[in-house]
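# Would you be able to build a 3D model of this:
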Amino acid sequence: MTSISPPPPPLLTVSGLTMRFGGLVAVDGVDLTAETNRITALIGPNGAGKTTIFNCLTGFYRPTAGQLTLNRPGRAPVSLQTLPGYRVARHGVVRTFQNIRLFPRMTVLENLLVAQHVGLMGKSAMGIAGLLGLSGWRRAERAAVERARFWIDRLDLSPVADEEAGNLSYGVQRRVEIARAMNTNPQLLCLDEPAAGLNPRETAALGELLQGIRAEFGIGVLLIEHDMSLVMGISDRIHVVEYGRKIAEGTPDEIRTDERVIKAYLGEPDEEELPPAIAHDLAGTESGGDRA
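Next comes the predicted model:
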């Protein structure tokens, strides 16, 4: 009898994530998962705790409680909440920010090379090999430039590769930020409102880009986003939070019809009819009735 192997664990498993700031509970016992080769969205009204969750996942905050487990094939699980913040990215959890954080006076190519500084510093023996021009350093430098050039080409940034990042349009800067993150060879790419400030054409192109990255490189993508057309169009799974708690999880079709989600975004429906006098006044106002 052939035994069936259990499915691999999710790339990221979050259990009981809680974050308190003094007496304020910003995130309250949230559970979620993100899978390899899947786009997972985290949505909710403003102030729901989405960015706080991202900050816990990516090492900017140390959670008050909870377990954040990264499961990479062939490697031991990593408890992200125990790591110093700067080490989270070294395990493949990389993020972008709602407010773009490029180096504005560096070129696009230089921004992408900076993203590889950890590997380059290791090859340069803390700069000594680079100063001496040793062969190992030269090989590492060529590889870094090749990787940066690959992502510049992949994201259609070749025409601006030598332009200072601060001189580029907002939409192009968003692509540069994603290219910089991909230069670190992430296992989980965390995007904080990547469509913020983009026009509809740029948003559609962003969706195609993220789907292409997922399909081509098989990484997990976790995004926070307010643009529901983008979320519903590209996500494989959606988690919804409100007031720091998760209220729903499911596919885009399940989420768009979930009453808890509708109430979170639109509020409770009116259960009682308005008094006749008030209803009459509102009807008169809406129809352009008499004005004083």
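# Against which helices or strands is the lengthiest helix in the chain packed?
Counting by DSSP state H, the longest helix found in the chain is helix 135-154. Secondary-structure packing of helix 135-154 (3 or more CB pairs under 8 Å, 6 or more residues apart in numbering; DSSP states H and E): helix 108-114, helix 117-123, helix 128-132, helix 170-182. C-beta coordinates here come from the backbone N, C-alpha and C atoms, glycine included.
# please redo it, this time with the cut-off set to 6 Å
When contacts are defined as 3 or more CB pairs under 6 Å, 6 or more residues apart in numbering; DSSP states H and E, helix 135-154 sits against helix 108-114, helix 117-123.
# Lowest average pLDDT across these?
Of all the helices and strands packed on helix 135-154, the minimum mean pLDDT falls on helix 117-123 (a mean of 59).
# and Asp258, what does it touch?
Listed by CB atoms under 6 Å, 6 or more residues apart in numbering, the contact set of Asp258 reads Ala248.
# In terms of helix, strand or coil, where does the most centrally placed residue in the chain fall?
Centroid-nearest residue in the chain: Leu191, 1.9 Å away (criterion: CA atoms, centre = their mean). What DSSP: H, G, I helix; E, B strand; the rest coil gives for Leu191 is strand.
# Return the helix or strand in the chain with minimum mean pLDDT.
The least trusted helix or strand in the chain, going by mean pLDDT, DSSP states H and E, turns out to be helix 128-132, with a mean of 50.
# Convert the longest helix of the chain to PDB, retaining C-alpha atoms only.
This file holds the C-alpha atoms of helix 135-154, laid out as PDB (Å, rounded to 0.1, in the frame of the first residue of the first chain):
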ATOM      1  CA  SER A 135      39.600  37.800  -8.000                       C
ATOM      2  CA  GLY A 136      36.900  36.500  -5.600                       C
ATOM      3  CA  TRP A 137      35.600  40.100  -5.100                       C
ATOM      4  CA  ARG A 138      35.700  40.800  -8.800                       C
ATOM      5  CA  ARG A 139      33.500  37.700  -9.500                       C
ATOM      6  CA  ALA A 140      31.100  38.700  -6.800                       C
ATOM      7  CA  GLU A 141      30.900  42.200  -8.100                       C
ATOM      8  CA  ARG A 142      30.200  41.000 -11.700                       C
ATOM      9  CA  ALA A 143      27.500  38.600 -10.400                       C
ATOM     10  CA  ALA A 144      25.800  41.500  -8.400                       C
ATOM     11  CA  VAL A 145      25.800  43.700 -11.500                       C
ATOM     12  CA  GLU A 146      24.400  40.900 -13.600                       C
ATOM     13  CA  ARG A 147      21.600  40.200 -11.100                       C
ATOM     14  CA  ALA A 148      20.800  43.900 -11.000                       C
ATOM     15  CA  ARG A 149      20.700  44.100 -14.800                       C
ATOM     16  CA  PHE A 150      18.500  41.100 -15.000                       C
ATOM     17  CA  TRP A 151      15.800  42.800 -12.800                       C
ATOM     18  CA  ILE A 152      16.200  46.100 -14.600                       C
ATOM     19  CA  ASP A 153      15.400  44.300 -17.800                       C
ATOM     20  CA  ARG A 154      12.700  42.200 -16.300                       C
END
